[in-house]
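K.L.:
no FASTA, just this:
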């Protein structure tokens, strides 16, 4: 395999520095010898793990029963009597090689000051240290995965792309299912706590108390955006303001016209009585309109409106949180929110991925 150092990412000089604790912004590209060594170690560990797995399967009671059923007992006995012990011996020598190789890499790391302290190496490479024990040889898979991942990051196709996609898909599937179970359990516990009246009241009181400032700001913002423009329409010259003024004026005019005492006294005045009555009704209408315009000009001042809405928002935000209707409303909102969150969590996103078509 031809390797061009110009196309490789910058990396550390040590074989074991894929988990280096001292970051180095400028790392030299890995040498060809180092990459070759990584590939050979990956192949050797993979073969060792394969042989360990085959040996464990063939030495199990399941294999003995399966061999009896398939009438392969003689072949299985030949393996157990002839090949098992040599394979164990080869595995033992490979374990000794791993211990020696680990010690050499530790010495190199100490010499090159790869870690902040000399004794950090076995803690960083804990899976390699434990993998040296025969009972924990399965941990050698971690090193094979680390080497494979490093080669993949350097641009080498260690596994087919289709395999990588499927592995990533199943990892995402497992993580999503586990996280969904945790979230759904937490939601269910929280909903059960809401059924306790004391817990519910305490939570609602604390929630409203903590957020009174935010509640007041939101209410004030809504009033300024929705109510203020409607009140501005009542000013003089606007359609709403003119309508109210005319209605009030007409009401005063109608009130004067329907006052029998006023009409009786005005009729005592010869000739001018009817004229005065008509003028009084007209004047009453004008007074009503002017009063409305004057009140609107005073009450609908921009600063006065803003002060009024601020007072309303403050009063609403500082409402008594012990009100039962408010408790029911807030509890209902919280329960609806939990139900919506629960429904969203139950959606299995992995079912919508393209990997299902593979």
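P.N.:
Nice, I can see it. Just so you know, these numbers come straight off a predicted model, no measurement behind them.
K.L.:
Please enumerate the helices of the stretch 1-150 of the chain.
P.N.:
32-58, 61-70, 73-78, 84-111, 121-124, 126-131, 140-153 (DSSP state H, counting those that start in this stretch).
K.L.:
And those helices, which one averages the lowest pLDDT?
P.N.:
In terms of average pLDDT, helix 140-153 trails the rest of those, at a mean of 77.
K.L.:
what's the angle from it to helix 84-111?
P.N.:
Orientation check (axes from the mean of the first three to the mean of the last three C-alpha atoms, to 10 degrees): helix 140-153 against helix 84-111 gives 60 degrees.
K.L.:
just for the stretch 201-350 of the chain, where's the confidence low?
P.N.:
Low-confidence segments of the stretch 201-350 of the chain (pLDDT under 70): 233-241, 262-274, 277, 321-323, 349-350.
K.L.:
Do you have the helices of it handy? List them.
P.N.:
Applying DSSP H, counting those that start in this stretch to the stretch 201-350 of the chain gives helices spanning 212-222, 228-232, 239-257, 260-267, 272-299, 302-317, 324-345.
K.L.:
Identify whichever of the ones you listed lies nearest to residue 203.
P.N.:
Nearest to residue 203 among these is helix 324-345 (8.2 Å), distances taken as C-beta to C-beta. Every C-beta, even on glycine, is put in place using the N, C-alpha and C of the backbone.
K.L.:
neighbouring contacts of that closest one?
P.N.:
The contact list for helix 324-345, computed with C-beta atoms under 8 Å, 6 or more residues apart in numbering, reads 180, 183-184, 187, 190-191, 194, 200-201, 204, 207-208, 319-320.
K.L.:
burial of residue 78, as a residue count?
P.N.:
12 (other C-beta atoms under 10 Å).
K.L.:
Ok, residue 175 next?
P.N.:
Counted with other C-beta under 10 Å, residue 175 comes out at 11.
K.L.:
In TSV: the helices of the stretch 1-150 of the chain, plus distance to residue 221.
P.N.:
Output for those, formatted as TSV (distance: least, C-beta to C-beta, whole Å):
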stretch	distance to residue 221
helix 32-58	61
helix 61-70	70
helix 73-78	80
helix 84-111	61
helix 121-124	54
helix 126-131	56
helix 140-153	50
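K.L.:
Which one, of these, ends up nearest to residue 165?
P.N.:
helix 140-153 (12.9 Å).
K.L.:
What angle do helix 32-58 and that closest one make with each other?
P.N.:
Using the same axes, to 10 degrees: helix 140-153 against helix 32-58 is 140 degrees.
K.L.:
Counting neighbours, show which residues of the helix or strand just after helix 140-153 come out buried.
P.N.:
Next along the chain after helix 140-153, taking DSSP states H and E as the criterion, comes helix 161-194. Using 16 or more other C-beta atoms under 10 Å as the test for burial, helix 161-194 gives 169, 173, 180.
K.L.:
contacting residues around the last one?
P.N.:
Taking C-beta under 8 Å, 6+ apart as the criterion, residue 180 is in contact with 345-346, 348.
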